[in-house]
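In: okay, predicted coordinates and the sequence, questions at the end:
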Amino acid sequence: MVRRFGKKNHVKVDPLSYNTILLGEPKIGKEQPISEPVLTSAGWKPMGEIQIGDLVYGRDGKTYPVTGVFPQGVKDVYEVTFEDGTSTRCGLKHLWTVQTAKQRSNMGKYNDYRYKVVTLEEILKDYKTPVNNINKKSKFNYKYSVPINLPIEFDNQNKLPLSPYALGLMLGNGGFTGDVYTFTNSENELFEELANEISSLNVKLHTRCFDNYKQASIVCETDKSNTFKEVIKKLGLNNRGSKEKFVPEIYIYSSIENRLALLSGIINTGHIARGNNICISIYSKHLANDISSLARSLGYIVKITEYNHTDENSTKKCSNEIEYSMSIYGDYEKLHLSTKHKNKLNKERSFEYSKIIRDIKLVGKEESQCIMVDNPDHTYITKDYIVTHNTTLIKEVCEELVGEDGYLFLEMGKESGADAIEGIIAEDVSDWDTFEDIKDDIIENRTTDYKDLKVVVIDTYDGFIELAEAESIRQSNKEYPDAKVKSIDAAWKGYQRGQKKALELMLDALWEFKEVGINFIVIGHVKPKEITDTVSGETYTTLTNDVEKVYFNGLKKKVHFLALAYFDRTISSEKTGKKDFKGNEVIKKTLKSQSRKIKFRDDAYVIDSGSRFAEIVPEIEFDSVEFIKALTDAIKAEQAKSNKSFDETKMEQDEEIKKRMKEIEVQQKIIKEEKELKENIETIQAFIVKNKTNKEVVTPILLILKKYGLTNLQEITDLNLSKEILKLTK
């Protein structure tokens with residue numbers, strides 16, 4: 001009997017022929033001493049007091065939850081100092097998001113704003129090199145710089161008693177001593193603005209003119225009490241001389257809008273220096289530190305230089321007179337600057353501000369700790385508003401198996417892991433339309449521009465889902481225009497139909513790649529999950545995927561290898577002999593050892609992993625060579641069950657791939673010709689409509705159609721004929 005259906009399957013021998021998912025814990029490695037401050041939603045907290053669930057600020061100025069806290073024991077501590085004089089402390093394994101000097105120079109030339117992630121240990125090797133040119137002021141060239149934070153979004157809705165802009169002007173050039181407060185400056189514009197800002201406080205300005213400046217006394221407008229003076233007393237600034245001024249804390253941690261107004265007022269009392277930086281000279285160390293904190297929280301670089309004027313050059317303002325000269329650098333567009341300042345500023349800028357690392361030195365040993373932050377770029381803010389910080393393995397696997405031209409990372413949505421990896425072949429995918437454009441271009445030009453492409457890497461599945469959900473919602477609103485929705489739960493009339501549509505979009509797209517011989521690897525994140533055993537009642541923690549079940553299970557059924565990269569940790573617990581406020585024993589936990597591993601199979605079900613290959617090794621070290629070996633060995637073990645050798649099978653499959661590529665080439669040629677034919681006919685049709693009254697240009701086209709026995713353009717099936725007629729439209 002001859003079977004009409006069914007064919008014998010042969011195991012494919014190329015590891016990248018199989019659909020693969022690699023899940024991973026977000027990178028940790030942020031090793032800092034427990035006394036170093038971290039900026040949280042509750043203010044500055046020592047690293048040692050950070051707990052899971054705390055909200056810490058990231059580089060983007062938003063808060064993100066801490067998802068892991070890992071004691072590191074006593075470690076060597078290094079102090080990292082930057083060009084602006086700020087510094088922070090960390091360990092050798094601490095991760096930094098940095099730019100090199102070459103990348104900084106490429107900003108203006110190539111619009112290249114990429115950063116990469118390296119350890120302090122790596123930075124130490126070459127962060128500064130001696131300068132050979134004796135004419136240069138600096139003795140060293142400095143290689144690395146770190147990014148500046150975006151404005152911090154403090155969650156503070158407190159009502160301010162005085163306009164922040166007015167307070168800024170008064171802190172810069174105001175006088176709070178004596179019976180009458182004063183404001184001194186040379187710009188008429190600032191006097192007008194100050195008068196407007198404080199007019200509701202029952203005061204007005206009485207101005208006197210001098211040779212190079214004006215001075216205004218702030219006096220009551222009526223017989224009522226001086227409300228402005230009462231507000232200043234409430235803020236604690238009354239009778240504070242130039243050496244004693246400060247910024248009230250309520251203003252330092254207010255909204256971005258308020259802080260920008262406050263800084264604008266202060267800056268308008270300073271002057272613009274060469275190099276496009278703003279300079280302010282003050283005599284209060286407290287105020288200098290407050291302005292620094294204020295400006296840095298808004299994403300500015302601040303450098304303070306001290307000058308001792310107590311000698312014969314003293315201005316006699318104070319018996320012990322120290323001038324704090326402040327230079328502020330940054331993007332001034334959002335500040336309210338006076339006309340004088342605006343005219344002096346150079347608005348042309350082709351670079352992004354960053355802070356250059358100037359010095360690194362060992363300063364001792366201290367108990368240290370790492371934290372894991374659920375943040376797109378895994379950064380957080382430490383002392384002086386300094387920004388500190390699974391894709392790499394897959395890049396190495398791809399390059400080993402198919403070379404640079406054989407893979408493409410698609411960075412989905414807000415994911416930015418590839419930005420930190422030198423030499424990776426990647427493309428940013430900000431929305432579904434961009435993804436479709438990339439996919440269509442690859443498929444349409446598969447046998448020409450992308451003839452060597454073997455695998456696309458989806459980085460990450462979480463980001464892919466966000467794009468697909470947005471597209472699902474868009475299509476739902478198009479289908480039901482009278483019942484538009486904003487959430488995926490409500491899309492396609494609910495009951496998870498929106499999610500299922502999003503999953504369908506993703507799977508269809510991935511299988512379109514497979515149709516032209518391009519396979520996929522998906523990178524995803526994991527999260528800890530508490531599980532209670534139904535029999536014993538015991539609770540334990542498992543690592544599982546970080547997306548909804550409908551998405552994970554939908555893809556899981558389609559893959560051959562599901563691997564999980566995780567940290568295998570040994571943590572010891574020691575009694576301290578101390579009691580907490582509840583009277584319980586305080587236990588000190590110390591990380592004794594930590595290694596990164598990849599799990600392919602876990603019979604204890606504490607890790608979400610699995611494989612369709614029976615002989616896959618359960619676990620390996622986190623290493624690209626080991627990863628390739630594990631997949632290859634599992635494939636070889638399965639292939640050995642056939643009656644052919646591995647090499648023989650590989651040769652046959654290589655020939656099948658070549659044959660398939662030729663078939664695809666023929667198919668793509670047909671598709672391109674059909675597309676070109678359609679476009680030509682549309683162009684000709686538009687030309688005829690436009691010139692329908694001009695028989696002189698239309699008749700030659702009709703005669704050609706008649707020559708070939710055709711009555712209309714839609715009957716044309718020959719591309720060359722369409723090209724011949726198209727020439728008549730030129």
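Out: On my side now, so go ahead.
In: residue 279 against residue 271, yeah?
Out: Yes: judged on Cβ atoms under 8 Å, residue 279 makes contact with residue 271 at a distance of 5.6 Å. To be clear about C-beta, it is placed using only N, CA and C from the backbone, and glycine gets the same treatment.
In: can you pull out the helices in the stretch 251-400 of the chain?
Out: Under the criterion DSSP state H, counting those that start in this stretch, the stretch 251-400 of the chain carries helices at the ranges 256-267, 285-297, 339-344, 391-402.
In: for the ones you listed, which one sits closest to residue 324?
Out: Between residue 324 and the helices of the stretch 251-400 of the chain, the shortest gap by Cβ to Cβ is with helix 285-297, which sits at 4.0 Å.
In: picking that back up, higher neighbour count, residue 279 and residue 271?
Out: It is residue 279, of residue 279 and residue 271, that has more neighbours when counted by other Cβ atoms under 10 Å, with 16 against 13.
In: residue ranges of each domain in this structure, please.
Out: In terms of domains, the chain is parsed into 15-22+392-639, 26-147+354-389, 164-343, 654-727 (source: automatic domain parsing).
In: residue 153 is nearest to which of those?
Out: domain 26-147+354-389 (5.0 Å).
In: now do the closest one: distance to the chain's middle.
Out: Distance, stretch centre to chain centre, for domain 26-147+354-389: 15 Å (Cα atoms, centre = their mean, to the nearest Å).
In: again with stretch 151-158
Out: The mean C-alpha position of stretch 151-158 is separated from the chain mean by 21 Å, Cα atoms, centre = their mean.
In: which parts of that stretch are buried?
Out: 151-152, 154 (16 or more other Cβ atoms under 10 Å).
In: go through the helices of the stretch 251-400 of the chain and pick out the most buried.
Out: Most buried of the helices of the stretch 251-400 of the chain by mean neighbour count (mean count of other Cβ atoms under 10 Å) is helix 256-267; its value is a mean of 23.
In: what angle do that helix and helix 285-297 make?
Out: Calculated by axes from the mean of the first three to the mean of the last three Cα atoms, to 10 degrees, helix 256-267 forms an angle of 130 degrees with helix 285-297.
In: which residues touch helix 256-267?
Out: 61, 151-154, 160, 163-172, 247, 251-252, 254, 278, 280, 291, 294-295, 297-298, 300, 328, 334-337, 341 (Cβ atoms under 8 Å, 6 or more residues apart in numbering).
In: for stretch 205-214, same thing?
Out: With Cβ under 8 Å, 6+ apart, stretch 205-214 has contacts from 183-186, 188, 191, 194-195, 215-219.
In: now for the residues you listed, which pair is the farthest apart?
Out: It's 186 and 219 that sit farthest apart of these, by Cβ to Cβ, at 21.2 Å.
In: those two: who's more crowded?
Out: More crowded of residue 186 and residue 219, by other Cβ under 10 Å: residue 219, with 16 against 12.
In: poorly predicted segments of the stretch 301-450 of the chain, please.
Out: 310-320, 346-351, 376-377, 388-392, 414-424 (pLDDT under 70).
In: can you give me the strands for it?
Out: 301-308, 322-329, 354-373, 380-382, 386-388, 407-412, 426-429 (DSSP state E, counting those that start in this stretch).
In: please name the strands paired to the second one in the sheet, noting orientation.
Out: Sheet pairing of strand 322-329 (DSSP bridges) gives strand 277-282 (antiparallel), strand 301-308 (antiparallel).
In: residues contacting residue 142?
Out: 83, 101, 127-128, 356-358.
In: kindly report the same for residue 447.
Out: Applying Cβ under 8 Å, 6+ apart, the residues contacting residue 447 are 661, 664-665, 668.
In: that older thread, which among the buried residues of stretch 151-158 gets closest to residue 21?
Out: Of those, the one sitting nearest to residue 21 (Cβ to Cβ) turns out to be residue 152, at 36.2 Å.
In: surely the closest one and residue 381 touch.
Out: Yes: under the criterion of Cβ under 8 Å, residue 152 makes contact with residue 381 at 7.3 Å.
In: what is the least confident helix or strand in the protein?
Out: strand 539-545 (a mean of 48; mean pLDDT, DSSP states H and E).
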